[in-house]
Structures are given as C-alpha cells and as structure tokens.
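Engineer: the following block contains a protein sequence and its predicted model.
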Amino acid sequence: MSLTKISENPKPGSTIFSPELAARFDKLVTLYPVRRSALIPMLLYAQDEIGYVSDAAIAEIAQRLDLTVLDVRNVLSYYSMLRTNPIGKYNVQVCTNISCMVRGGQELFQHCKKRLGIGHKQTTSDGIFSLEEVECIGACSWAPAVQVNYDFHENLTPEAMDALLDEYRSKAGQ
Amino acid sequence: MPTLVSHPDEVKIVSSRFGKGATEIDRYIELGGYEAVRQAIEKGPDWIISEMKASNLRGRGGAGFPTGMKWSFVPKQSEKPKYVLVNGDESEPGTCKDHLIFLHDPHAVIEGAIVAGIAVGAKTGFIYLRGEYRYLLKIMEKAIADAYAKGFLGKGIFGSNFDFEVISQTGAGAYEVGEESALMESLEGKRGVPRIRPPFPAVVGLYGGPTVINNAETIASVSHILRMGGEAYAKIGSARNGGTRLFCISGHAERPGVYELPMGYNLKKMIYEVAGGIRGGRQLKAVVPGGSSTPVLLPNEIDIGMDFDQVGKAGSMLGSGGVVVLDETVCMVEFALRTIQFYQHESCGWCIPCREGTDWLKKTLTRFHAGGGEAKDIDNIRYLAENMLGRTFCPLGDAAAMPTIAFVKKFRQEFEDHLNGKPCPYGRHSGTKATTPELIAVS
Amino acid sequence: MADVTLTVDGKTITAPAGTLLLEACRKVGIEIPAFCYYPGLSLQAACRMCLVRIEKMPKLQTACTTPVAEGMIVSTETDEIKQARKAMLELVLANHPLDCPVCDAGGECELQDMTFKYGAGGSQFVEIKNHREEQQWSPVVFFDRPRCILCYRCVRVCNEGMDVAALGIQQRNVGSVIAPNDITSLDCEQCGMCIDICPVGALTSDTYRYKTRPWEMTHVGTICTHCGDGCKTTLGVRRSDDGMQIVRGDNRDKSGLNGEFLCVKGRYAFDFANSSERLTQPLVRQPNGEFATVSWEDAIKVVAKRFRAARDERGGRSIGVIGSTRITNEEAYLLQKIARSAFGTNNIDHHRTTDYVGIVRALDGQKNRFASIADAGSAPAILILGNDPTEQHPLLAWNVRTNVRHNGARIYLANHRKIKLHRQAKSFIQIPADGYEAFAHFLGGDEASSFGADAIALRDSLRQEQNLLIVFGSELRGTAISALVKFGFSLPDTKFACLGDYVNSRGAADMGLYPDLLPGYQPIHGNSAIRAEYGDGIPRESGLDLAQMFEAAARNELAALYVVGDDPVERLGIAEETLHNTFLVVQDMFMTATAKLADVVLPTANLYEKSGTVTNTFGDLQLVKKAADRAGVRTDLELIVRIADTMGEDVHTLVPFGKGVRADMGQSRGAQSGEADRHGIWLAAHNLEPKLSPFDPNALLDEIQRLVPGYDFDRLDLLGGTSQQVQPAGDGLIGISQLADRPDGILPSGDTLFTSGTLGHYSEKLNEVEVFQTKKSMVAAD
Ligand SMILES: Cc1cc2nc3c(=O)[nH]c(=O)nc-3n(C[C@H](O)[C@H](O)[C@H](O)COP(=O)(O)O)c2cc1C
Ligand code: SF4
Ligand code: FES
C-alpha cells in the first residue's frame, strides 16, 4: 500500500454539470491568475444548478481546480450562502438586522413562519418554500426587505408579504 | 426596485446618473462617461494622483483613508503584476449605497477602476460584489462586456497602448470578506480570513502583487473628480473631507433613502429636513451615524457635521455612511443584542477575542434581554467589550466592541430596567415577551 | 543580517534584523506567552496572547508577527498587558471545558500553565458552554472539540510540516472547527504530530487517552527501535504487574536529532513490548520434540555445552551466527567478537538491507564524506535516488521538506515511482525500476545511455551544485554506487548517505556482522588492531554468509546456529528440514518462525529495555536508555556474556570492564574528588547502568571506540545526549578497495510507513493503523 495518493479524482473529462455550466467553468478557471480563484463563483453556480453543493459537485470542483476535497469543504463551509443540503424552490430570506428590525423585520419573519408553517432554515413539505432569517442584505433604506432566491423585495408589510408568497406559489405551479 | 429619493440640498455627483438609464453604455457616454479615462490616458499617472490628492477624497468604505495617498503608496516598479480591486462587498448593516451604484451606474465603477489602473500601473481590475447582489452582477457583467466591445477594456484601450482587463464576481455570504485583506483571500478562493499586516495591500496584495483596494463609491467618484478637477471637488466638502457622500438613511425617518450630500452636512438637518424628521412625529431616541459598528449618538449629540473628523470628535465614526434613526419605540438592549448577534454570526472565527467575545456577548445579551439578567452582567458586558477593543486580529472585533460599549454607557438605565426578571419594558413589545433571535451560529 | 538594538522591559538587547520580537525576547530569557506561535510554522497572530506595548504604536502589538526594529522600545509585562492576557484567557475559557482532572493534557497543558500565571481562574461566565461529543478520527487520533482553542498548530504542522494536509478549518465564528479530510475520519500518515503539537488536550491519542496522569510516569528519552533514521522518542513508563510498562511514546523535549518530529512508529508502535505474546521463560526442546520451560541456568548450560561441543568436535566453521539490526552496537560487536574469538568462526552475518559495504568501499581513503541526517535539513541541494523516504525514512522526508520550506533547498529526484517527495522537488524524473545503475553511470557522463532531455536537464543543474547531498536507497549497489560516488566527487564538497532499513542496520554493518569484514569494514584477512587485540586465533578466511549458512545446514555441515534477534526462516522461507541436524539457539522476544524450529529459545529484552548505543543509517551514533522492564527477559548482551562464561571463556577479555581510558568509571583517574561517585550518580540518573560488571555496555563502547575505525567520537557529548557522527571511511580501513566481487546478499525489507519487519507484526496499533489506511486507499482507488 502506498500513501502517495496524488488526488482523489472522479474520472477526468466526465462532468455532473450541464454542458453550459461545464463550459462556463472551463472558461472561468482561465480568467484568473490562479485557478483557485474561481472556487467561490463555481460553488455558487453549482448550487444554483443543483440546488445545493452536493458531494459530487465538491469532488468535481476540487478536481477542476486541483484542490483536495478538504480544501473545498474548508472554503465552502465558511460562506453562509453555500449549503450542502437541498432546500425549497424559493428560499425566503427575511432580514431582521437593525434597519429592518426597527421597521418590522422580526414581525415579518414571525409572520412568514406562521404563514408557511415552518421555522428558520426549514422547508415546507411541498418543497416550495424554505425560510431563513438573514443578516443585513443591503437594502436598509427600503426596510423591511426580503430576498427570495436572488430577488429583492423592499418596503414589505405582512399583507404585501402574503401577496408575494402567493405569487411565488403560483409561479411554482407553472 | 429600490426607490430613489431626492432633496434640494443634495449635490448629485456619484448619483447624478441614477435613474437615467446609464447602465446602457451609449447612454453612459452621452452623460459624459469614459471622458475621464481619455483624460487619464493623455495626462498620465502623476497627474491623476495629484488630482486625487487635491480632491481630498477619503475612502467611502469606512476608514476614510485619503485615496490619493493610498494610490501613491503603490510602488512604481514591481516584479509581480499590480491589481485594482473594487470592494463591493457592502455588508455593514445600515448601508445600501453601493447597491444603487451597481444598479444604476455600473460603468462609473469600470471607468474608475481603469483610471486607478492607469494611475498605479495595474493591468487588471477585479470588481467583487457581495454574494447577495447576484442580480447586480448581471448588470455589471453586461456593462463589462459592452465596454470590451467598444474597446474600452482589453488590449490597447481607447486606442492607447494601455491594456486593462476587468473581472467581476460575487462572494457567497460573509461580512468579513469586506475587510480588504479578507477580500483578497476570498478572491484567491480561500476562507475569508484577514491577513497579517504589514505588509499592506499597496505593497503585497492580491496574488502577492501591489494592490489598490477601494470601496465601490470611492471608485465611482474618481471619474467625476478628474472631470471637474480635484480642487473643485474638494471645495464641495468640508476641511480635509472632499466632495459628497451617499448617506443611507434608514430606520424611523419619515423619508428614508440614499441621499448624496456634501461632506460635513449637518446630521440633525439631515434627519429632520432631508429625511423628513421622525416617523409619525415621534421622539428621536438615538442615531447610529455610520453603520452598525459606529457608537450610537444621543439626540443631543447630533448637531454635528457629517465628515470623518467631526463625527470622530463627537465620539463616533462616519463609517460606511449608514445613518440609522431610532425613535422612542426602540429597546436599546434589544438593539444592542441584534447588533452583536450580527457580529457574532459574521466573525471569521480566527482570533480568540472576537470569536469568543462576540459569542459571549450574544449569549449574555440574549439572556439579559429575555429577563434573566443580573446586575453584574451590565459591567461584565462592558468589561468584555473593552477587552476586545483594539486587541483583535482585524477591526471586526472593534466593530462589535465599540457600539456595545456605547450602548451600555449611554443607555445604562435601559439595561437596569431589564433586571429582576422583568421582561423587556421598552419599545414596540413593551409588556409582551421579547422575541428571541433565531439566527444561531453555524454548527 | 545586520543586528538591530532595541529595548525590552528596560533591557537593551540586540538581534538580527528581521527576527520576530517574540523570538528575540525568548533568546534573552524574556518569555512572551503564545498559543498560536510555533517556531518554524507560518504566523497566525490568532491567539493574541503575545500582545506587547511598543512605544509610538496606538494599540498593543503581537510580538509573534512584529520584526525587531532599531530603537524599538517594548514592554512585555505591564499591568495593562497582564490584564489583556488575563482577559484573553477568560475568553478562551468561556467555551473551554474545565475537565482538567480527567484530561490527557492535565499537567502538561499550556492553557493550564497560562491560566495559573495570569490568574484567570475565576470565571465571569454563567452562560452554558458549547458542547460537542468527542470524536475518533483514526485508530490513533481522537478529537475533543470543546477543548480546542483554535491555535491552528495542528493544521499547520499537517500542511506545512508533513505536507499531508489532512486537517482543515471549517465553518466560521464560534462554530469554527478543525476538521479531518475524510469528513469524519483522517486519511493520512497517522504521524500524530497534531497530537504532539496541540497545546491543550483537544487532540489525544488512543494509546494514551485516559490511561494515566503525566506525573505518574517516568519519562525516558531513548531511540525508536523501528526504521533506520533513529529518532529520539520519549517513553512514558509506569509500574505494572510484571515490570515497567510503556504507556506513551512522544517527543517531549524535542532534543533529539529529530527535533520535533516523530512518525507513527516512533509514537505508537512501542506496544509490541507490552504484547501478551512475549516470551518470558527460556525454552528447551525435549527428547519428545516439545518445548519445556527451564531455568535460565539450565538453558544457558545446554547452549554452552552444545556450542563448545560443536566447536571442539567439528571446528569453529561448523558454527553459524546471525545477528540483528535491532540490537545495540555493543551487542552486535560482542556477538561478532564471541563468534570470532570464542567460537572461532567467521560465519557471521545479519539481515542486510542495503549496501553499506559498497559505499564505504567507494569512499575509501576519503574523509568526512558521510552526511549526518541533520544535513538533509540544511544542505543547499539534495539528490535522492531510489527509496521512498516518506514511507521508509519519515524523518529524512521531514528534514527534506523543512529544508525546502525554510531554506529553499533544491531537491533532485530520480525514482521509478512518483514518490510523494516529488512535490518538494525542483526536478523529478521517473526512471525504469532496473535503470538505477545506468542512471548512475549517466550522471557520471555516460553518453551512451538512453535517458531523455529531462534527465539531461537534471544532470546539468546538478553540475552547478556544490555541497550537494546524495542520498540513495538499496536500489543502488556495488558498481552503481561507485559510479555515483565518482559523479559526486566531480562536484565540490559532495556528501553521501546510504539508506538502510532498521534502527541499527548501520550499526550491525559497522560492528562487523559480516563473514568477510571485521568491525569498521576491515577485511578479515588483513592485519588490524582488532586482530592484534583478539589474538591470531580468529580465522583469516571469510566465513559463510547468511544464505550459505542455511545451505551448509542443509548439507549437514552446520553443527550449531546461533540466531540473535532475527527471523531468517520466515524471511527466506527456509524449509523446516534444513535445520534438522543443526543445534539452533534463538534469542528473541517472540515465538518467530525461526524460534519455532529452535532447540533453545532465550527470551530477550528489546531496545526499549536496555542501554547502549545505536547508529542510524546516516552514521549518527546515539545513546539508548533503558526505559521499560519485563520480568523474565534478559538483554542480548547479558546472554552472550553468560553463554561465553559458561563455555569457559575469559569474560574479562571478552568484555574488558573496568579497563581502558574512556570507561572512566573513576578507575583510571582514581576516585579523586568524588569523581567516580558523581559519574556514577550521573549515569544512574540517566538510566544507564553504572555497574562495573561484564554486563556494562560502556565497557564495550570503550573497546569499540578504541578499535573500530570511525568510532572515535566525543564520549561526553554522547552522554550529554548529542548524537555523534561516525565516519568509517578513512585511513583506518585497510585495503578495502581490494574487496572485489563479494556477494551483496541484500534483501530490502520492503517496509512501509505502517509495517516494521517482525516487530511490526506484534504491534497491535501499527496493524490497526495499517488496516485502516489500506481500506482508505482502496476506497480512493475505486
Ligand atoms: C470587518 C470589516 C468589514 C468591511 N467591510 C467593507 C465593505 O463591505 N465594503 C467596503 O468597501 N469596505 C469595507 N471595509 C473596509 C475595507 O477594509 C477597506 O478599508 C476599504 O475597502 C478601502 O476602501 P476605501 O479606502 O475606498 O474606503 C471593511 C472593513 C472591516 C474591518
Ligand atoms: S477580529 Fe478576529 S475573529 Fe474577528 S473577524 Fe477579525 S480576525 Fe476574524
Ligand atoms: S502568539 Fe502571537 S497571536 Fe498567538
């Protein structure tokens, strides 16, 4: 037996990502002075495609960047937007940080909990919504604000929130 | 879409193109865009730096370091490539100005980055947006592609022999990555842990090369400065604080929003006139003048000019320009708790005082606000915050400690009123049981 | 670099520019506390314990990252600083369990020590601590997360020192956690460096966890018995039912030639000594073919009688002697001495794993051409041919890596496999497994060979080097070594090292466990000081080598075979009948395949249970100190002496105890000024045996020093714990270049990081680790 394991590789050439994303990754790694710089964008794009960063995605990204799986996990676990488990189709992220809090952010979060019947970092049983209490999202002057996936929604009230959730729910059906 | 506001006292420079369709490159050019680069190419680095110095522009990221001086620290000769890094990580609670710049005027950022590149001899610029700003990255990427198509980026830009590439990307959720050396780590594909300094980025930065790092608003100001002249820009502001700044007014103001006002503009006036006073005619209780890390000011402390020096003299900081207005309904203990909860969540975990200190403060304040406080806790909170102050690896520890000390110092009575098992007697939930924050540390 | 002068706590000190303030202070005895700072590893500035006040700086500064500067004025222990440190400790303790009474690190914990010093014992914290269950990461590594203070030493030593990178940092904020590479377990070299370097009890070892308290052990620094690198290991021993048992192996004081390094074997594979399979009573085969336990006296009588009979009746040449690569120099020396002078035979050999004779012959007449293992840590350039140091010479690999990291050493590698050290190499070329000899000639300028452009580029770079260190494995022998040495001589100041497999492989060779060479590689037929001393009774013609002895036995020509600490039957696959007509005596710890065929089995002590010296494969001679003790067993030295004595030999001639100028037990200089007493006390304090008896290894060491070329070293330095380099090549060797085509008889052990010859079979921990890692590599290969 030999310890001289050079890397733990999936078969080179094959990919778990869509052809478009794989092509994007091929390009991405050439943009930077060092390949590793592409890591965080790659993790995000992988998550966007798969819904979370799966073990297979980690392994492939590690291979593409010539990193170890441990390296990737070290970085991945640092960033709060990256996750290693699937969540709902729409991730409702309610900001409760100071500017939002003083304009009803926490009440909005409580409202969402009741309305969706789930708590922080939980997903509805139909898999449509996940809920998360988040830190400041950079919409302080338009508080309270909510992000659903990457979309911002500002100046919300519980009523507006209900309408928004309804809108997403009907979108999910399509 | 975030709503745009305006007020007659505003001097619109950085925000001059907001809402005018300047995301389209032709429109941007129509509005005077990319003129500064042509000038910069023509007149060269020394001229740019002297204009920047004359402008008295101070960094809009928080620390207020003079930008011209920062650029002049970059060595002329360097074995390693030099870089320009635009800090668009905007995560300090209370701050949402870079958001608007990326949304309405992405080319101003590109243009500023090119000028910075010419000034210091860098051939590559990176624009790093916070992960949550994915929709803004799309706008930015399109702007960059358009600029390449016009020959404004790439080899021999504007027909000169100067090359400049721009790459934009986002982070993935981490406040600490806004700290300049942590940002470089993140851009190198690593955990967002700051670096030991010295060496400073101007000497050893990204990929080991000399690097100019500036806030997005700072960079977006550059083309305007070159067009109007450094001295003219300086005149708009107050002493040693040139130009204007985007103030993000939030909280209980009647008309919250992002206003561009001259440096040194009176805070009280900003709240009562520009932002329309306190919502519903209520009483002002406190103001956080420059983002959540800046010590809170009492109503009798706000008759001050909003520039780095004057706010500093008043015992706080101008910070990132996030003015959070708090009326009488706010429980300051709860507010302190929410502030600390943020820093606890965002501490990178590298150094003992910040990692453990923020966690301890969060635990104690949580218990305290829920009615389980003891008298000695109040001094303990202050004692521990004071022991973090100035002793952490990077300023995040200070960002957590400074406001905490101010809350205890200035609102001690409110802390005392929570003692003896009393539920929070203040604010919007007076008499009801306080909500306990649910954001918990990642496992 | 130029020195700068600064003031620390009112004292003026000087240090080379660029020195870290913390180091400059330590040098002059000003101790600045630190958790995360660790010499030689990258800087962290994370624990903030080293904060000091530097004049003109607004904040307290970390001494661990601040270089000294001219005129700097520093205070390191003001009230402000003490307060800051106390507060820092309070914060660490906020989430740190106070389970010191049961913690492995209790009593040896840097956090305890600092808390004691700065008085953060009383806690302000009433909040509940974050708790997590302890995790087992491998057969040897446990992680107790709440105890971790996140100093990142383990991560750095694994990444930077070991180049294994099996540990990472995950999550962030107070959730930050040290994480293993295989999600819940470690896939690594299992060196345990992470455990050693942990300042608290967060990383603990399975062998020691919850077994005892540090102050209940006696700590004895001795030499690891496994590979040929000869690391110092400190054994923690404790009284047990049948002696002194080893409960821990570690690297307490980092004073050995291995510095802070220790591998999996040095740290955990001491457990063979505690094995329940140890033999503890002499066995003599009865007429019915079964073994019976007998008294020591009876067993030795049987052996002596039969040996004497063989010698007297069938001549010395009918006796064979096989020595060991794991006995001390003194024992090996004595073994060949008894064979030659008492048995009258040159039929003596040992398990040869590399061609020491080849290198000595090639260096004939040269001085100071053998490198010390320390040179691998400082040579500006190193050529490594063959071998896989990561697997077979872990300390060498560590030194090479450190040298690259700290000094930017240039490493040139030629190997038939892509060994792990290629990651440190400036150039690496892969050559055919049978291409080493050709490669050696190619280096020497043989243009006819078929090596490609990369080999030529490598040779061109080598030709620019001076002070090159050439290290080669058993792939190179005989004429290949001569060619390599010739190439080395074409460059200025080249040094050489030849890699052999076991702790005293080199010593066995140096001590003359060869049928054709006396100690110090002196040809058997020549005249030498040894011959003069032993008397001309020793035969002049070469004896049988190891293989030939068994051939002779098969032909009924070997009346007796004396095997000390070796298992040739297993290794060479000797058929049982071969030894039917040979009286076989085996000295061993275990019932090996060879022992099973023996007529008499004498249970012996191992290296951890005796005193003496060993010589590592580089020629670094070190002191072995007795640590453990097992009731019933005897050292090989004692047994050889007793057998000789019972045979009627003059023990005083064999072991000239109380004689000579160096054994300075007070005899030579007289007992003036109590010198003998002092020396005696000193020896006792160091676990040496100050007996003026024939069992005193020091008496033999005197003779070795006197008679063996190259072994003329500074005895006091050795006793003080400093390794001594021996240089067998030189004027003392008579006519060695004339040794022509002798059979090399070399059989490399083929050991890996997780095996260790026969001894390895009896180390449960090592076997467990091997199974664990083998499973991992099978998964990875899928
Ligand atoms: C914890 C921490 C977070 C920071 N976050 C940001 C940020 O989100 N955006 C920003 O521009 N600067 C941020 N900064 C300041 C940067 O370190 C740096 O000073 C700034 O980007 C320099 O640009 P400027 O000179 O234009 O202000 C942060 C600093 C600290 C200590
Ligand atoms: S103060 Fe320390 S733990 Fe906090 S963010 Fe900075 S380095 Fe990380
Ligand atoms: S030793 Fe300096 S911060 Fe840890």
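Structural biologist: Looks like it came in fine. Ligands and ions are numbered 1, 2, ... in the order given.
Engineer: rest of the way, CA atoms for contacts and neighbours
Structural biologist: OK.
Engineer: quick check: end-to-end length of stretch A:40-60?
Structural biologist: By CA to CA, to the nearest Å, the extent of stretch A:40-60 from end to end equals 14 Å.
Engineer: show residues contacting it.
Structural biologist: A:9-10, A:15-17, A:21, A:25, A:61, A:69, A:72-73, A:76, A:82-87, B:169-172, B:186-187, B:189 (CA atoms under 8 Å, 6 or more residues apart in numbering or on different chains).
Engineer: buried only: go through those residues for me.
Structural biologist: A:9-10, A:15, A:17, A:21, A:25, A:61, A:69, A:72-73, A:76, A:82-84, A:87, B:169-172, B:186-187, B:189 (16 or more other CA atoms under 10 Å in any protein chain shown).
Engineer: now, those that are in strands?
Structural biologist: Per DSSP state E, strands hold the following members of the buried ones among the contacts of stretch A:40-60: B:Gln169, B:Thr170.
Engineer: for the residue nearest to A:Pro158 when sequence neighbours are not counted, give me its contacts.
Structural biologist: Residue nearest to A:Pro158 in three dimensions, not counting chain neighbours: A:Leu108, with 6.0 Å by CA to CA, 6 or more residues apart in numbering or on different chains. For A:Leu108, the contact set (CA under 8 Å, 6+ apart) comprises A:Val94, A:Thr157, A:Pro158, A:Met161.
Engineer: ok but A:Leu108 is inside a helix, no?
Structural biologist: Yes - the assignment for A:Leu108 (DSSP: H, G, I helix; E, B strand; the rest coil) places it in a helix.
Engineer: ok, it to B:Lys12 distance?
Structural biologist: Separation of A:Leu108 from B:Lys12 (CA to CA) stands at 34 Å.
Engineer: same question, B:Val115
Structural biologist: 21 Å.
Engineer: which of those two has more neighbours?
Structural biologist: Taking neighbours as other CA atoms under 10 Å in any protein chain shown, B:Val115 and B:Lys12 compare with B:Val115 leading, 30 against 19.
Engineer: please, which helix or strand holds the more buried one?
Structural biologist: According to DSSP states H and E, B:Val115 maps onto helix B:106-120.
Engineer: and the residue in the stretch 351-500 of chain C positioned nearest to ligand 1, which of the three is it?
Structural biologist: Residue of the stretch 351-500 of chain C nearest ligand 1, by CA to the nearest ligand atom: C:Arg405 (30.7 Å). Classification of C:Arg405 by three-state DSSP places it in helix.
Engineer: domain parsing for chain C?
Structural biologist: C:3-77, C:110-205, C:356-499 (automatic domain parsing).
Engineer: pLDDT weak spots in the chain?
Structural biologist: Picking chain A for this. A:1-12 (pLDDT under 70).
Engineer: let's do chain B instead
Structural biologist: Within chain B, the segments meeting pLDDT under 70 span B:423, B:427-443.
Engineer: show me which strand runs longest in it.
Structural biologist: strand B:244-251.
Engineer: quick one: it near ligand 1?
Structural biologist: No - under the criterion of CA under 6 Å from any ligand atom, ligand 1 is not reached by strand B:244-251; the shortest gap measures 11.7 Å.
Engineer: could you find the closest non-adjacent residue to the residue nearest the centre of chain B?
Structural biologist: Residue closest to the average C-alpha location in chain B (CA atoms, centre = their mean): B:Ser320, at 3.4 Å. Nearest residue to B:Ser320 in three dimensions, chain neighbours excluded: B:Gly62, at 4.5 Å (CA to CA, 6+ apart).
Engineer: how close does the one you found get to chain C?
Structural biologist: According to CA to the nearest CA, to the nearest Å, B:Gly62 and chain C sit 19 Å apart.
Engineer: report how many residues lie close to that residue.
Structural biologist: Applying other CA under 10 Å, we find 20 residues neighbouring B:Gly62.
Engineer: start and end of stretch B:18-27, how far apart?
Structural biologist: Using CA to CA, the two ends of stretch B:18-27 sit 12 Å apart.
Engineer: would you mind listing the buried residues in it?
Structural biologist: Of the residues in stretch B:18-27, those buried (16+ other CA under 10 Å) are B:Phe18, B:Ala22, B:Thr23, B:Glu24, B:Ile25.
Engineer: ok, now stretch C:412-423?
Structural biologist: Burial within stretch C:412-423, assessed by neighbour count using 16+ other CA under 10 Å, is assigned to C:Tyr412, C:Leu413, C:Ala414, C:Asn415, C:His416, C:Arg417, C:Lys418, C:Ile419, C:Lys420, C:Leu421, C:His422.
Engineer: in a helix, the last one, correct?
Structural biologist: Looking back up the chat, that one is C:His422. Yes - C:His422 sits within a helix when classified using three-state DSSP.
Engineer: could I get the contacts of A:Leu108 as a markdown table with neighbour count and secondary structure?
Structural biologist: Listed next are these as a markdown table, based on neighbours: other CA atoms under 10 Å in any protein chain shown; DSSP: H, G, I helix; E, B strand; the rest coil:
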| residue | neighbour count | secondary structure |
| --- | --- | --- |
| A:Val94 | 27 | strand |
| A:Thr157 | 18 | coil |
| A:Pro158 | 17 | helix |
| A:Met161 | 20 | helix |
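Engineer: quick one: the helices in the stretch 201-350 of chain C?
Structural biologist: C:264-268, C:296-314, C:329-337 (DSSP state H, counting those that start in this stretch).
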